[in-house]
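Engineer: Below are the sequence and a predicted model for it; my questions follow.
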Amino acid sequence: VIFICWMRLLDIFTSAEKVAAALLPVKRSAKGLLPVLIVTLVSFCAFMHSFHVVWGQTLDFQAVLFRSFSTLITADLPAHPDTMSPLELSLIYGAVIFFS
């Protein structure tokens, strides 16, 4: 009985080795994604700063961050674009085109 328990325990470790060998290329690819992530972060911060300049008079920083995230990441377009200024509208459309 003890021998069977030890064999089951060793079988778990051999399957973990197979999983680790399968995940190793994914771990290596993370280093290759670092430059892309940096460019995305800088672009997100630049657009968020632009949105803060446009929306800063009426919204606080937390609301600007939420609206920037919803516009940039989820490509949320305004429901009523006719009520917005041309600068705000062109900034939103440009940001959605850039991030999509």
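Structural biologist: All right, it came through fine.

Engineer: name the helices or strands packed onto the helix or strand where Ser68 lies?
Structural biologist: Here Ser68 sits within helix 61-72, counting by DSSP states H and E. When contacts are defined as 3 or more C-beta pairs under 8 Å, 6 or more residues apart in numbering; DSSP states H and E, helix 61-72 sits against helix 2-55, helix 86-99. Backbone N, C-alpha and C define where each C-beta goes, glycine included.

Engineer: And the contacts of it?
Structural biologist: With C-beta atoms under 8 Å, 6 or more residues apart in numbering as the test, helix 61-72 has contacts from 44, 47-48, 51-52, 55-56, 59, 76-77, 92, 95-96, 99.

Engineer: list the buried ones in it?
Structural biologist: Residues of helix 61-72 classed as buried by neighbour count (16 or more other C-beta atoms under 10 Å): 64, 67-68, 71-72.

Engineer: Stretch 43-58 too?
Structural biologist: For stretch 43-58, burial by neighbour count (16+ other C-beta under 10 Å) applies to 44, 47-48, 50-52, 54-55.

Engineer: so what's the residue nearest the centre of the chain up against?
Structural biologist: The chain has Ile73 as the residue nearest its centroid, 6.9 Å off, counting by C-alpha atoms, centre = their mean. Contact partners of Ile73, counting by C-beta under 8 Å, 6+ apart, are Phe99.

Engineer: Would you check how far apart it and Phe44 are?
Structural biologist: With distances taken as C-beta to C-beta, to the nearest Å, Ile73 is found 8 Å from Phe44.

Engineer: Give the intersection of the neighbour lists for those two.
Structural biologist: Shared contacts of Ile73 and Phe44, defined by C-beta under 8 Å, 6+ apart, are found at Phe99.

Engineer: roughly how far apart are Thr74 and Ser29?
Structural biologist: From Thr74 to Ser29 the distance is 25 Å (C-beta to C-beta).

Engineer: do the same with Phe51
Structural biologist: According to C-beta to C-beta, Phe51 stands 32 Å off from Ser29.

Engineer: quick one: which of the buried residues of stretch 43-58 is nearest Lys18?
Structural biologist: Proximity of those to Lys18 (C-beta to C-beta) peaks at Phe44, which lies at 37.6 Å.
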